[in-house]
Each structure stands twice: as structure tokens, then as C-alpha cells.
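Enquirer: Coordinates for the following, if possible.
(chains A, B, C and D)
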Protein chains: 4
Amino acid sequence: MNVPRPKIPVAVLGATGAVGQTFIRLLAAHPWFELAEVAASERSVGKAYSEAAHWIADHMPDDAARLSVLACDPDVVSAPIVFSALDSSVAGDVEQAFARAGRMVLTNARNHRMDADVPLVIPEVNADHLQLLEAQRARRGWRGGIVANGNCAAIVLTMALTPLQRAFGIEKVFVATLQAVSGAGYPGVPTLDILGNVIPFIGGGEEEKIETETPKMLGMFRGGAIEHAPMRVSAQVHRVPVENGHTASMAITLGRRASPDDVLSVLAGWRSAIAERALPSAPRDPLVLCRQPDRPQPRHDAGRGGGMSVSIGRVRGDSIGDVRMVACGHNTVRGAAGASILNAELLVADGWVPDEVAP
Amino acid sequence: MNVPRPKIPVAVLGATGAVGQTFIRLLAAHPWFELAEVAASERSVGKAYSEAAHWIADHMPDDAARLSVLACDPDVVSAPIVFSALDSSVAGDVEQAFARAGRMVLTNARNHRMDADVPLVIPEVNADHLQLLEAQRARRGWRGGIVANGNCAAIVLTMALTPLQRAFGIEKVFVATLQAVSGAGYPGVPTLDILGNVIPFIGGGEEEKIETETPKMLGMFRGGAIEHAPMRVSAQVHRVPVENGHTASMAITLGRRASPDDVLSVLAGWRSAIAERALPSAPRDPLVLCRQPDRPQPRHDAGRGGGMSVSIGRVRGDSIGDVRMVACGHNTVRGAAGASILNAELLVADGWVPDEVAP
Amino acid sequence: MNVPRPKIPVAVLGATGAVGQTFIRLLAAHPWFELAEVAASERSVGKAYSEAAHWIADHMPDDAARLSVLACDPDVVSAPIVFSALDSSVAGDVEQAFARAGRMVLTNARNHRMDADVPLVIPEVNADHLQLLEAQRARRGWRGGIVANGNCAAIVLTMALTPLQRAFGIEKVFVATLQAVSGAGYPGVPTLDILGNVIPFIGGGEEEKIETETPKMLGMFRGGAIEHAPMRVSAQVHRVPVENGHTASMAITLGRRASPDDVLSVLAGWRSAIAERALPSAPRDPLVLCRQPDRPQPRHDAGRGGGMSVSIGRVRGDSIGDVRMVACGHNTVRGAAGASILNAELLVADGWVPDEVAP
Amino acid sequence: MNVPRPKIPVAVLGATGAVGQTFIRLLAAHPWFELAEVAASERSVGKAYSEAAHWIADHMPDDAARLSVLACDPDVVSAPIVFSALDSSVAGDVEQAFARAGRMVLTNARNHRMDADVPLVIPEVNADHLQLLEAQRARRGWRGGIVANGNCAAIVLTMALTPLQRAFGIEKVFVATLQAVSGAGYPGVPTLDILGNVIPFIGGGEEEKIETETPKMLGMFRGGAIEHAPMRVSAQVHRVPVENGHTASMAITLGRRASPDDVLSVLAGWRSAIAERALPSAPRDPLVLCRQPDRPQPRHDAGRGGGMSVSIGRVRGDSIGDVRMVACGHNTVRGAAGASILNAELLVADGWVPDEVAP
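Expert: Numbers count the residues shown, from 1 in each chain, chains lettered A, B, ... in the order given. As a prediction, this is how the structure comes out:
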């Protein structure tokens, strides 16, 4: 694999929001990409990024601070790789405009995730789904394309389920999630709503996203299309007073019976399909097995692998299905901005970004 | 029903711990019972209660503060009704000694819950299970008896499921709980473990208790014994940074198909079997239906009905089973001390406490 | 004192916000006042109150829920007593319009607090300041009038200092406050800003309010005006992840030397000037002395006296000044809505509300 | 300065507790020191460190995990540099035994801090205080010695005050602290005590430590002894629900008048006396000035400089004294283990560790 030299210029759309800021932070010292442009809604256009963004993490990277905020328009933003942290109320049209203009759009928005010709990609899980881009370009007449990453909780769930799906098949998954407040953006959840409390509801169809995106991500690329995995998912979501890190507790009925020890072996022995590719944002261990009986926990484990690993623990039998286990992953890194960036790295490594751009 | 006059003297065993303190608080102005004695472990014996207990709620009742702590011995404690907040490491033998000595023991400990001849009672659910006391007395040669209440999370779950079990039967329940730190007693959970965090584990066999106690509580008293409900329960528990109030999210497969609307009707129309009895601690509405889409929530709903109501919300269909819903109840009131006190009221109302004591 | 019969109709301006909701809650079962009207900004006018307010406390009173939201206009709102929970950006003009129209306005807004002819009242501290209303009416040509309550933290501080000011005089007070998030309204403080964190800053001139309002409230009504107390206050404010209850830690230099024991005696022996008047919202003990060394604490003590008592503890010597102590009070009750309601009760009891209204 | 080659073996006494664990974590990849031995109380002796310590941070370093826990006895522990995280109930005698046996003891315990011949050192502030070791050795007949670091809050306060003391002199400081729960060790503060709450008290004489240690640390080494700075400190401490990071808000009366701008210039222009020495744990910027009006905040700023920098903000005038400002520092790093390690580095750099050990 060729490491891009010089760095490829990239842009972030929706750069002032919470996910946009995570993009900025993760791109600050990226070995392949250089943050060249930031874009946001009308009221921020023309301001310095340092003025336009109410920065919520520790310290804004100096290079980003100096950028001027542009409009979300492919005539104004010139980078060949565009990360979209746009709100779903506007993401649809804007992202299509960029793809039509020949850009590769890596989107965290939900708008196109379930489109039949849009790959919903986790590189370690379904890198081959990128082949959908051919159908996408052909059907839509685009020179660029849109590649989506899944909902933050669906990504954690899907990564944890992948080895089981490959080894045994999965029939049913009951999943309860305990989701961090950063998933709601900024200002997001008012303190008075969540301090010392739990909210058993997340708007925007969170449960449905988990139930529909997971089978697509675990599906197979066959005959030019994605065949969704023949599993059923029942999700119950909760917001909890945690800063970062979604926890997902699963009760799983497998396609063929397996013991918790079988499952542990499969989890321990699983190797990501992209392990050889050395993508910069890919963690050494996409799945980390926790030995302590009370882990994973978001405060201790969400940050593993730079926030790109999913930690798994409490693998045990189930009194109804086959096996129960708990997974935890970083919702704004692995579940959002980091997911898009890793997808972009895969695009570059697989040659989907035009040569004149990625030498 | 006769209201006891004068008040019946009662004792609390394990009075210095967190659950013991809740007993003290709830008994402070009880219309039927008078706190006459407090007992605890060796190192507290002889001290004033105000000295022996590190009081964690707002203000210790004056009457309790003045009591001298006694040993947990039926030769020393004379009250005919005894509430046990003892730790399970010692509860077994002590409670039996009191029952043998003719006392009615209302226990929150787990030791005897699953004994075939010990009623595991929620008055609104299975008041008739008290009839097991006859078999208990006959078999064990006791004049008194032991009546247990269930695990705090199992009580919340069971109350929410009762109308469904009666109307449709229940086949399977997948339940995920988000449990308050007060359930771990005092000092209980260290702040460094749970602040801004979630722990997907609770020791002491919490999941197994939920899975086994629920079918017993929902069972039928037939032929002098309890026939457990023929249901399977899969529980996944989590500790969350909430002071009071356990939340339980359920995905339920019913015995016969029913729509969410059917379930809502059944929940709304359900009437507790003890509704006519006017027990002092029985809430007017044992089950409260929440209309808002994001309720119940522990901070707003755990205290309903003086902490004795269970709130239910988010009744909706399930993508695998029939229906999903969320319940929330106060773990140290309805799930512990209040449960025992209500059981004692039922015993008195049903004539299980000897006449010379309860005129 | 005559208890008003029938109840006096009252209105709440700014009824949909956080403080407005506290007014609604506290007025729900008020013995003298009847909530007759609610008013709010343009976008809520015409809606049912149940629709217009995102209710953040437990349960909205049914009577309030049915009210239709009116405009903040004295031609539309007819109640003779008007509580203002308006934002300071609009409170000034609106409140003056109501006073001009003959209404008694009890305001929680900061706009008129430091006006020389507006009484800044805590009944237990300076009930006599109401006499300023004569000057106010004379100078402004109003039939009604404006009575303000202080900033939430200034009220807690002032109540705690009152006995010391009366007994010894106060020269200097260094105060650090730890303020609850409910003080910032709703949605108020984003969770991501405060969870597991402390913010050493509160906007809107919080420190200056504490420094200027306290000497006015502790001042003397002399010669038709308020002579501010000749003290200096240095305030440092912090937002902390607490739901309700402001804590104020003070280091005090007295006018004449006194020992911590002297101060304790004065605090214990202090009697409110309105103790005889039996105003419905006045707590039996406006100041509660805590004996435990680690109290007061907001979660345990802010609610005392129905949220209207201020708790004081840790009275001890100071290595620079004379004495240090800690006070804690409920910021949205004693520090806001409850303060205004108590002021209104005082107005009625003292005959400042016209006879045709308060018989 | 010579960089030690090979690494110097070091030991940690009290290695299983919370501060002990921070030592282990900070020593894991130390360029000069090699963790050779861990010691703890009787009940841990002989166990593997991985078994003896309930590890509360993310992941225990492998090298430490394998060590066997030794007794706290200089006949058993052989390292020439010994870090003490012992509880004050035992630290006194043990530390003296090690010093007598020729070891350099860097202690975080309070026992010897105020001894006239024990240097209480913050290298950036008072590196010259190490000269006290000569008097200590002479008077006590020791070949080794004891060097203490101050109380966690006192260190944060002292570092922030240093430039002001040097430039203007300081007369009085009123300080209120908001201290993290990690300062209470593990298990430390029960969740039920602090969740959504504030405790205006910290045991063990916290306020007195701040008031007495600060003038010693800011004092001058003259005539073979420390002349304490002639300042008075009044401290009021609070425990808050923050994981790591103590905040200190100060109102300062200077020795000679200065404006906030003067103070800002002095803070910005201050250079640590050890800036040239390149000690491995010394942060590039011991004091960081925050520009945002609502900083420093523990969650964002406590970790700066690897937890070794103190952040300062809100420099403004005071209505009584001269200037107010807020400082924040990491209590278990800069305020405890990191402080001791930096002191050890200074000892090595200044030649206080025998040659045969530090070549």
C-alpha cells in the first residue's frame, strides 16, 4: 500500500458541531490527510473557525483555529475527500451535491445509510462493501461517491457481533444500550435532565437505526448488492450520565448452538480482514477482550485503541438464547468521526480516490 | 379490617445499615406499628442508635435515635413482628431463630426467598401466597414464620409483568436493568468507580435472583405449594450513577399474541387484589402509566406513591417478541424496606399475627 | 392578621421557564393565592400551559395545565398580584407597565433590584424596607408597585449574615459559592460542560450581584431611604454538578471581635422579625444550625423548611478574620420563586394590597 | 546534568493504595527510574502486586503486576530511592527507618512535612530548600534523608502564588478549594455521599495543612533554616463530584499594591528556577494561563502538562483585597505522586543521591 505523499487535502462539513469538532481533533496530526477546509451553516460562514465553534474538548488545534469557515457548497470547498458531520436535516442534498461534483463523501449522517447503493462500512467488518460504489456511480451518474458509517451504537454492536456472525450465524439479538451524553451533540442533553438520572429514550429513531443498520453491515456483498444478514435485532436504548462511551448488553441466539467457551474462542481468534493493511486509524486490536468480571466500562475502556477499539466482556450463557455479553466503544470516535476517517483511509488504500489526488 | 389499637411493637434487625435505616425512616410515623427495638451486630450492641448508625438520609427520627441497640437474639428482642435487614451472611440462622421463637419475620435478605415453604410476597401480586405459612409452620414446627420479599429489581419487574401474566401469560422476558447505587448499601459503591461511568455487573448473583424469583412471585398457590410461572427470564444488570430507583427495560414474548394497545389496555385496567384492603403502605396506584415518551425516569418517578408505585412507560411493539416496555421503581422503598412493611401490614390484616398482639 | 377570603387571584409572568415553573408548583396549593393567569413570550401566547411549558419537575398541577398562556400585558392579565419570572432582557419595561397599572409586582428579575426606591426584601431580614413603596409610588406616580427579591446566592448569604450584622456588625465577607445547575434555568447548563466538572464562573454579573445586593438587604430604612450596610463583600462563584441548593462558604471580619462561640449563640438565639405573623410560606426556622461537622450539604439540607430555610454549619474561627461558616439554601425556592411568594404574603399581611382585592 | 545510566532502582511504599498506584503508573516508563520493588502492609506481603492491588486506573503496567509485595522494612527493600505513599498512621516511623538506613525517602505523607529540618519541596518554587538536608542529616545522624511534598491543594495554591510572592509579596490569601474525590483515596468517598452533592468538609486537618504548608513552601532558605513567608492563609475546603483535579479560588492581598494587569504580566513572565534543568517530569509550562473566562476547569485542565502543570484563570481585581484568581491542578499527579517523583529527579540532578547509585 502506498502512503499518500504529499498529504491529501480534506474538508469537514458541519465542522462547528460536536461531531465536527471530533473530526478536527482526529485530523490534527493525521499522517495522510491535511485539514484544508472547514464548512458549516450560513451563520458561521466567513468567521474564523476559532470564533465559529464553541469548542468543547480540551484545546483547539492551532491550524484549524485559523481556517475561515466556508459554505457547504462544492463550488466553494475544493478538497477531494469530504467528511460530513452535517445534521440530517440538511445532509442529504449537500452530500449528493458533493458526490456529483466528483468528491468522495464520508458521512456520519443517517440520510443515505440505508440506501441500497450506499456502502455502510466498518473496514474491519465489511471492507468489501465498498464495491457498491460502482453501482452507485453507475446508477447515479456520479464521479465521486458517498460512503456512510453507521449509527454510533450500531457500530459498537456490529463489531462485537462480527466474529459470532462469521462463525455461527446469528438469529436474534436483544440489545440494551447505555449511551453517553456526547452522542447528543452540544449543547445536547441539559444537566437537569440527566444528572443522577437515566432517560430510557433517545429521539431520532435510535432503536430502529440499530435494528436495521446492523443486518446491513453484517450482510454480504453478492451480485453487485448487499444481502442483509438474516437476523433480527430488538434494541432498547437509554441515555446515561456518562461523557463518552456507549455500552451495549446483548442476549444472542446463534444460528447454530455454541457454548460461551466457543464464543470466547471465536472472539479471541478473530482477525480483522484489514489487519494487514496498516491503515493509520485502525487499532491494533479492533476487539479487546476484558478479563475482569465487571468490565468493560465506558470510563476505563471507551478510550482503548485511541477510541477505535471495542471492548467486550461478561461473555456468559443465556437462560433463553445462547450467549450474553457486553460491549463498549467510544461513540464520537469509533462511532462517528473516527469511523469516517478510517473509511476514508480504506478508500485511499483501495484506490477509490483519483490518482491525481492520491499519488 | 381492624386497624390495630394500640400500635403493634416491631423490631428491626440489621438496623444500622442502609436498608435498616430505610426501615427506621418508614416506620417513624407508621399508623399501625411502633418501632420498639433495634438490633444489629455485636460491635453496635449497647450503643445508642444515634451513635451506632452512620445515618445517610436527611434526619434521623428522634424516637429511633434514643433506642439502645440490642443483639439479634429472640431472647433479647421481644417484638412480635420483626423486620430483617440483615446481611445474607448472617440472616439465615438469625431469622430462623426468631421464627422458632414465635415471631413473624419479614425479611429482605435473600437466604430464604427460594425455599419452597417461604412465601415470596408482593401483596398486590400474590397475597394468597401467604397461605404457604401453614405448610411452613407445620413442616418446621414453628409458631412464628418467615415471609420474604424479593430482590429489589425482581420486585419492579414482577409488578410490571403481573397484568400481562394474568391477561396473556408470559413466555419469555429479556430484561436489562439500570440500578441505583443505593442498592449496594452504604458505603457501597466508591465514587471513583461510578462517577460518569456504568458498571455492567452486580455481585451476589443479581441476575440469577431476577431470573428465579420472578417466576416464583408470578406463580400460583396450588395444592399447598407454589407452582412457578412457566416463563423464562434473561436478565442483564448494570449499576448506574443514580441515587435511588431501578429501571428495567423489557422485551416480552407473551403466551398469546397481543398488540401494544392490548397491553396498554390491560395495564390501565388492572386492579390490585388488595385494593379494597386499605393497607397503610399500599399506594393508591401500584402501577402508574407514564404518558410522556421519555418516561419513566428514576429521578422523577421512583418516588411516586411514596416510593411504593412502579411507573411504566414506552409500551411499544417488539421486533422479535410481542411488546417492549420500561418500568421504574424505588429500590430501597418498594424494593426493600417498604416491601417488608407492606407484607407485615398484610399479615396483620389477614390475621396471621396472634390476637394478643394485634387486637 | 386577616387571612384572605376568598383567595386572591395571582398571575405569573414568564411562566414557562424554570423559575416560572417553580412559581406554578409553589402556588398549586397556596392557602391565600389562586393561580388565575399565566403569561409568557409571544411564541407561547394562546397555547395551553401544558403545551407551552417543557415541564422539568415531577408533575404539572392540573389547574395550571389547563390555563391558556396570555401576553405579558396589563391590559390582558388582570390579577392584582403579579409574580415576574421574566428574563432580565424584557423584565424592566413589562414590570413597570404592570406597576403603573396598579398591580403589585413581585419580581425575581435583576432589573430593578438596585433602584433606590425599590425594596429588596427578605421578610425575616428587612420587612420594614417595604416602606420604600411610598417613595416609589410618590416618585413614579404609580398606584401599584415593584418589590424585588435578591439574587439566589445573595439571599442565602444575607440570611446567614443577618444575626451577625445585628449583633456585631460586619466589616468584610469573603464568600465562595458552589451553585446548583437549576440556577441557570432550563435547558441551562449542558451536561458535557458540568458532568464530573466544576465551572469557576457564572455569567450575568453573578459576583457583582452578590457584592452589591447583600449590603442593600442588610441596610436600614432611614429617612425614607435605604442606607446600605457599611460592609464589603468579595464573592467568587462556581457552578457545580448539583441539582438544587447553593452553598456559600464565608470568612467574616466582624465590626467588633467575637468568638465562634459568641457567633453560635447569636445564630441560635436569633428570631425573625416576622416570626409572629404566620405567613404561609415562612418556615418555622428560617435559619437551621447543623450539628454534624460536614453539613450543610445541598442534597440533604436545601429542602429544609420546604426549601425556605437556610442551613448553617461549620461555624469556626478564621485565621485572618473572625469567623468562618457555611450556609446552604434552595436556590429556586428560597432563592427565587418562594422568595417572591413570601414577599407577596408580607404585602398582603401588611395591607399593601388594596382592600377590594384582599378583604 | 548527567542523565542516570543505567536506571536507578526505586521502591514504592504503600504501593497498593490510590496514591501508590499513581506512583506505579507514573514510574512505568520513567527515563531515569526503574520500579524495582513494591511494599505494603502486612496483609499484602507475599502476594503478587496484581493480586494485592485493586487497580482503579485503566490498566496495570505488566512489569509492576509481576512484582511480589514486600514488607515496608529497609532490611527487605533495597532501593536507594524510596517513594512513600503510606498512610499517615504508619508513615512516620517507617520513613525514618528508611532514612536512617541511608535511603532517600520522597514522601507524600503529612507526618514530617512541618518538621523544621525536612524540606517541603516543589522544584519550580523552592529547589534551594533541599539544602535543609544537610541540617537534617547532621542533626539526626542519617546517611539518607526525607524530602516531603505538600498537601495536594497546598501545592496547587503555592504554585499559583509563587510569581506573586516573588514580585509583590503576599499578605493575605482567602482560598476556597473544590477538591476531587480521588484525593480521598480508594474506596474513598461513597457515591451516596457525593453524587449531585457537595461536602463542605475534608477530614485530617485539610484546611490547616493548606494554611501552614503554603507559607513554608513559599519561605526562604536562610542561615541553614526555612524562614516561612510572612503571609496569612484562610482556607475553606469542599469535596465535589469531580474525579481528578483540585480547584482553588483565591482572594489575595498583596504586599504592595498591584493591578490585575500587573499580576497577569508577572504570571506570564514568570520562569521556573529549574527551567534549565530538563527534569523528566517537569512540565514545559508549570503555570498555564487560561484565556477563556470560564477556565480553568478540572476536567479540561487538570491533565495539562501530563498532570504536572497548574492552570490559572479569572485573574481580576478584588473588592476587598487586590486580586482574585482561580487555579486548578491534578491532585494525584502534581499534588501527590508526580510531586514526589519530580522531587526525586531534582535530588538526582543536584547530586543528593550517592554516586555508587546515580552514576
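Enquirer: Up against chain C, what does chain A have?
Expert: A:18, A:56, A:181-182, A:186-196, A:241, A:243 (CB under 8 Å from any CB of the partner chain). Any C-beta I mention is one placed from the backbone N, CA and C, and that applies to glycine too.
Enquirer: Please produce a PyMOL select command covering the buried subset of those.
Expert: Those of the residues of chain A next to chain C that count as buried under 16 or more other CB atoms under 10 Å in any protein chain shown are selected in PyMOL with:
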select buried, chain A and resi 18+56+181+182+186+187+188+189+190+191+192+193+194+195+196+241+243
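Enquirer: Show only the entries of the residues of chain A next to chain C found in helices.
Expert: Judged by DSSP state H, those include A:18, A:191-194 as members of helices.
Enquirer: can you tell me the residue of the stretch 1-150 of chain A closest to chain C?
Expert: residue A:56 (5.7 Å; CB to the nearest CB).
Enquirer: dump the residue contacts of that residue.
Expert: A:18, A:21, A:186, C:192-193 (CB atoms under 8 Å, 6 or more residues apart in numbering or on different chains).
Enquirer: picking up where we left off before, farthest-apart pair in the ones in helices among the residues of chain A next to chain C, please.
Expert: A:18 and A:192 (19.4 Å; CB to CB).
Enquirer: what's the burial count for residue A:124?
Expert: 24 (other CB atoms under 10 Å in any protein chain shown).
Enquirer: Could you measure from it over to residue A:175?
Expert: 19 Å (CB to CB, to the nearest Å).
Enquirer: So which of the ones in helices among the residues of chain A next to chain C reach chain B?
Expert: Counting by CB under 8 Å from any CB, no member of these is near chain B.
Enquirer: Output stretch A:205-217 as CSV, nothing but the C-alphas.
Expert: Included here for stretch A:205-217 are C-alpha records, laid out as CSV according to Å, rounded to 0.1, in the frame of the first residue of the first chain:
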residue,chain,number,x,y,z
GLY,A,205,-35.3,6.6,15.7
GLU,A,206,-32.2,5.4,17.5
GLU,A,207,-33.7,2.0,18.2
GLU,A,208,-34.7,1.5,14.6
LYS,A,209,-31.3,2.5,13.3
ILE,A,210,-29.7,-0.1,15.4
GLU,A,211,-32.2,-2.7,14.3
THR,A,212,-31.8,-2.0,10.6
GLU,A,213,-28.2,-0.9,10.1
THR,A,214,-26.7,-3.9,11.9
PRO,A,215,-28.0,-6.5,9.5
LYS,A,216,-26.9,-4.4,6.6
MET,A,217,-23.3,-4.0,8.0
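Enquirer: buried set for it?
Expert: So stretch A:205-217, judged by 16+ other CB under 10 Å, has buried residues A:206-207, A:209-217.
Enquirer: Just the closest of the residues you listed to residue C:128, please.
Expert: residue A:206 (58.0 Å).
Enquirer: per-residue pLDDT, the residue located most distally from the centre of chain A?
Expert: Relative to the centre of chain A, the most outlying C-alpha is that of residue A:319, 31.9 Å out, by CA atoms, centre = their mean. You'll see residue A:319 listed with a pLDDT of 96.
Enquirer: so how far is the helix ranked longest in chain A off the chain centroid?
Expert: Determined from DSSP H, the single longest helix within chain A is helix A:152-168. A distance of 13 Å separates the centroid of the chain from that of helix A:152-168, by CA atoms, centre = their mean, to the nearest Å.
Enquirer: Now that helix: average pLDDT?
Expert: For helix A:152-168, the per-residue pLDDT averages 98.
Enquirer: and chain A, which residues reach chain D?
Expert: A:57-58, A:195-196, A:300-301, A:303.
Enquirer: from those residues, which two are the most distant?
Expert: The widest separation within these (CB to CB) is 25.7 Å, between A:58 and A:196.
Enquirer: Ends of stretch A:240-258, what's the gap?
Expert: Using CA to CA, to the nearest Å, the end-to-end distance of stretch A:240-258 comes out at 32 Å.
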